[in-house]
Structure formats: C-alpha cells, structure tokens
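**Student:** No letters, just coordinates:
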C-alpha cells in the first residue's frame, strides 16, 4: 500500500522536498500506525534536509522529514494494549526514523500521548516537540520553582511561547526577550517583563536571575551568564559554550536533547484542556507546500508554530 508523502532523496535546499507516492508503513511490535491529520514544522526539519544535523536515518534515502504529529490511530502492532483504532493521539516520534510529512507514520506506542480534546489537530500538531522541549528545559533540567525569576531568551518562537506559559503557570516571575513586534503578544501569554533585544541590553537591566532558559545560543547565551545569580542555572536547547565564565559564578550549565515522554504529553494536554496553556500556530500550509513552510521556519522570525495540514477536518 502507498501514501502521499514529502520525501528527500539527497541533501539540499527546499527544492529537494518532493511530494510523491511512498510506501505506507506497517506498525512493528509495540508501534502504532497514525493517520496523520497535521504535522508541525520545526528547525530540525530543514537542518536535517540540508545535512547540517546528522541523525542515523538521514544516511538513508529516501527520507520523510517531520517529527511532530497529531492524528488518529489507524492500526496497532502486536503488543500494543493502551491504544486502539480511532483514538486521537499526538506525538514527537523518534527523530532517527522516517517522519510525519506524510499521510501515515508508524510510532512507538511509548512515545505517544492522548491528543488534547479541546483543540483541533492543526493546533495539537504544534505542541509535542516545542511543548516537550520547553517543559523539560524548565522543569526536568532547570528545576524551576514558584517564586523564582526566569529569563527566557528567544521567547516568541515555538519553544519560547510554551516556556513563557509554563513558567507563569508554575508561579515564576517571567522575563522574556523578543523583537518589539512581539512585546504585547508575550505579555498576553503571561510574561511579567519583555525586553526588546534590538533596543535593550538585558545584561544592563537584569540581575539575580535564578534560571536562564536559552533557545538562541552564541553571544546571547554568553551575555546571559552576567544576569544569573551565583549558583544559578543556565539551560540551553542549543550548546552550552561558556564553561569558564559559568564556573567562575558557580553556575550549572546544561544542554539537553528532548525526550518523547507520554506522561509529559498527557500533562501538557491536561493544561491545554483546562485552559491554562494555549498553543500558538501562526501559519498553516498544506502538505505539498512543505518547501515554503520550511523556508519560513528558516527565516527565524515566526511567532509560535508553523503547521502542515494533511487532512482537512
């Protein structure tokens, strides 16, 4: 059986993304086959397409990109007991395997959560990768507690917009950086202070920050060490680069890889369904417009998430 998918047959620019027939996957033991309704677009997608980021699967062509999905269980493999055909689910599948820019994807059952009931698949598809990344950075690695001050660098993107909401829900004092056009947007999400990175040097205004959550890296990350109090924490989605400066202030610096944990997907879904957290989807494309969607992602100025719609609900 075949399906429609976006595939790449070589590394390169957006022109290597081909909308074509591909074999429909069969779920292995402990996997479920998800009928894809929508898939999120993330920077990792175009980094793998360009060959900048190497994952085990990317040495094998053709490759289907995309690692964010909301859809419906079509079929379960042997050994799967907690899901059945027709269940609405969402997931950040294994990034080393074929992805979700397709009509169907096979995913390990232990990487799948129940889709939030209160939102449609397009909005749900924008949650798993960015939501889990923000949750794990703030709580699993950053150990953020109520009453602490957190600085979120690059707050208006997919990960940052969740981080602002999660941190506020936790009871932290939330300071965010963004461009001027996103100041009001971030305040509506719950940021207590928003600093325009083009006009203000945050290291001249801030001090005694408990946690920096960095989605930017480079010089922005280096400058953020100055605002942390002694013994503070710097958690980054990119790479920690300032060991000596961090050591001088007894700062715990840590980078991490996002894990796909159903318990956290379920927790995030509950927060969405109770109205405490809202996914932000700024642009929706059809599956065959994947090249355009990735180019927009690469520009780096997207508010919230970009999503590819696979099935019109």
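**Tutor:** Okay, I see it. Computed from a prediction, not measured in an experiment: that's the story for all the values here.

**Student:** Find the centremost residue of this structure, please.
**Tutor:** In the chain, the centroid-proximal residue (CA atoms, centre = their mean) is residue 130; its distance is 1.9 Å.

**Student:** In stretch 290-299, which residues are buried?
**Tutor:** 290-294, 296-298 (16 or more other CB atoms under 10 Å). For the C-beta atoms, the positions are set from N, CA and C on the backbone; glycine is no exception.

**Student:** that's a helix at residue 294, yeah?
**Tutor:** Yes - counting by DSSP: H, G, I helix; E, B strand; the rest coil, one finds residue 294 located in a helix.

**Student:** residue contacts, it?
**Tutor:** By CB atoms under 8 Å, 6 or more residues apart in numbering, the residues touching residue 294 are 14, 17, 41, 45-46, 49.

**Student:** again, but for residue 302
**Tutor:** By CB under 8 Å, 6+ apart, the neighbours of residue 302 are 157-158, 282-283, 296.

**Student:** Starting from the strand or helix carrying residue 220, tell me the next helix or strand along the chain.
**Tutor:** Residue 220 belongs to helix 218-224 when assigned by DSSP states H and E. Remark: after helix 218-224, the chain's next helix or strand is strand 228-236, criterion DSSP H and E.

**Student:** Tell me where the stretch 201-313 of the chain has helices.
**Tutor:** According to DSSP state H, counting those that start in this stretch, the stretch 201-313 of the chain carries its helices in the segments 202-205, 218-224, 243-248, 262-273, 290-299.

**Student:** Export those helices to TSV and append columns for distance to residue 26 and mean pLDDT.
**Tutor:** Formatted as TSV, the helices of the stretch 201-313 of the chain follow (distance: least, CB to CB, whole Å; pLDDT from 0 to 100):
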stretch	distance to residue 26	mean pLDDT
helix 202-205	51	88
helix 218-224	43	89
helix 243-248	47	88
helix 262-273	22	98
helix 290-299	24	96
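
**Student:** Using JSON lines, lay out those helices together with distance to residue 192.
**Tutor:** What follows is the helices of the stretch 201-313 of the chain, written out as JSON lines (distance: least, CB to CB, whole Å):
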{"stretch": "helix 202-205", "distance to residue 192": "13"}
{"stretch": "helix 218-224", "distance to residue 192": "17"}
{"stretch": "helix 243-248", "distance to residue 192": "25"}
{"stretch": "helix 262-273", "distance to residue 192": "19"}
{"stretch": "helix 290-299", "distance to residue 192": "28"}
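
**Student:** Please identify the most buried of those.
**Tutor:** Highest mean neighbour count of these: helix 290-299, a mean of 19 (counted as mean count of other CB atoms under 10 Å).

**Student:** returning to what we had before: please identify which pair of the buried residues of stretch 290-299 lies farthest apart.
**Tutor:** Pairwise distances across the buried residues of stretch 290-299 peak at 12.4 Å for 290 and 298 (criterion: CB to CB).

**Student:** How about the secondary structure of the residue lying closest to residue 189 once chain neighbours are set aside?
**Tutor:** Of all residues not flanking residue 189 in the chain, residue 164 sits nearest, at 4.7 Å (CB to CB, 6 or more residues apart in numbering). Put simply, residue 164 is helix when judged by three-state DSSP.

**Student:** roughly how far apart are residue 164 and residue 157?
**Tutor:** The spacing between residue 164 and residue 157, counted by CB to CB, to the nearest Å, is 11 Å.

**Student:** Of those two, which one has the most company?
**Tutor:** Taking other CB atoms under 10 Å, residue 164 and residue 157 do not tie; residue 164 has more neighbours (31 against 24).

**Student:** so who does the more buried one touch?
**Tutor:** Counting by CB under 8 Å, 6+ apart, residue 164 touches 152, 155, 174, 176, 186, 189-191.

**Student:** Quick check: the gap between it and residue 293.
**Tutor:** As judged by CB to CB, residue 164 and residue 293 stand 24 Å apart.

**Student:** Tell me which strands the helix or strand hosting residue 107 pairs with, and in which orientation.
**Tutor:** Using DSSP H and E, residue 107 maps to strand 104-108. Paired strands of strand 104-108, with direction, are strand 31-41 (antiparallel) (DSSP bridges).

**Student:** Tell me the first helix or strand C-terminal of the strand it pairs with.
**Tutor:** Counting by DSSP H and E, what follows strand 31-41 is helix 43-50.

**Student:** quick check: angle from that next one to helix 290-299?
**Tutor:** Put simply, helix 43-50 runs at 110 degrees to helix 290-299, going by axes from the mean of the first three to the mean of the last three CA atoms, to 10 degrees.

**Student:** Quick one: mean pLDDT over the following helix or strand past helix 43-50.
**Tutor:** Toward the C-terminal end, the helix or strand that comes next after helix 43-50 (DSSP H and E) is strand 69-76. Per-residue pLDDT values over strand 69-76 give a mean of 98.
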